[in-house]
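# Sequence and predicted model, in that order:
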Amino acid sequence: MSPLIKIARALGVRLGTFLDDHDQLGPLVTRSGEPKKAASFSNQHSDARSHMDFYALANGKSGRHMEPFIVDIEHTDDTYQLSSHEGEEFIYILEGKVEVVYGKETYVLNTGDSIYYDSFVDHHVHSAQEQSAKILAVVYTPV
């Protein structure tokens, strides 16, 4: 997601601009069971295997500063590259176990746990213990 954030920043637009098909004023309701547009990411390295499917929850909300997603994380091998970008992230674990590498620290989070961090510190989010996971992620990127 880091390259997409950098492109949005360079163009002076919100990250959600790349996922929106229309703008809505006022509140935006996303109903359970409604299809959500997905975007898949791994990290800025083109040889990395995609391991995260992002389902936007605020697709179309005009003027937003936060990007909420449901993210399905598939287990991958133990090789990954840390990345960083402007902003902040909040992650809540809905299912499974997730490992968050943040700078020189590693945090293992279980269902019901959460983490809030500054995205400018090198980080990586992935599933733990050879199983998939599901998270709620809210990304804030200043414009």
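Arrived safely. Please read these numbers as outputs of a predicted model, since none were measured by experiment.
# pLDDT below threshold where in the chain?
1-6, 9, 11-26, 28, 34-50 (pLDDT under 70).
# That one: strands as residue ranges?
38-41, 52-56, 66-73, 88-95, 97-102, 105-110, 114-118, 123-127, 133-140 (DSSP state E).
# what angle separates the second one from strand 133-140?
Regarding strand 52-56 and strand 133-140, their directions subtend 60 degrees when assessed with axes from the mean of the first three to the mean of the last three CA atoms, to 10 degrees.
# which of the residues in strand 52-56 are buried?
Buried residues in strand 52-56, counted by 16 or more other CB atoms under 10 Å: 52, 53, 54, 55, 56. C-beta: built from backbone N, CA, C; applies to glycine.
# and of the residues you listed, the nearest to residue 136?
The closest of the buried residues of strand 52-56 to residue 136 turns out to be residue 55 (CB to CB; 10.2 Å).
# Look up how far residue 137 lies from that closest one.
Applying CB to CB, to the nearest Å, the value for residue 55 to residue 137 is 10 Å.
# Quickly list what's touching both of these two.
69, 70, 71 (CB atoms under 8 Å, 6 or more residues apart in numbering).
# which of those has the most neighbours?
Highest neighbour count within the shared contacts of residue 55 and residue 137, by other CB atoms under 10 Å: residue 69, with 24 neighbours.
# for that residue, what are its contacts?
Residue 69 sits in contact with 54, 55, 56, 57, 136, 137, 138, 139, where contact means CB under 8 Å, 6+ apart.
# again, 6 Å this time
By CB atoms under 6 Å, 6 or more residues apart in numbering, the residues touching residue 69 are 54, 56, 137.
# got it, and residue 127?
So residue 127 contacts 73, 75, 133 (CB under 6 Å, 6+ apart).
# Skip the chain neighbours and tell me the closest residue to the last one.
This means residue 133. residue 96 (3.0 Å; CB to CB, 6 or more residues apart in numbering).
# Just give me the neighbour total for that neighbour.
Counted with other CB under 10 Å, residues neighbouring residue 96 total 19.
# Then residue 138?
16.
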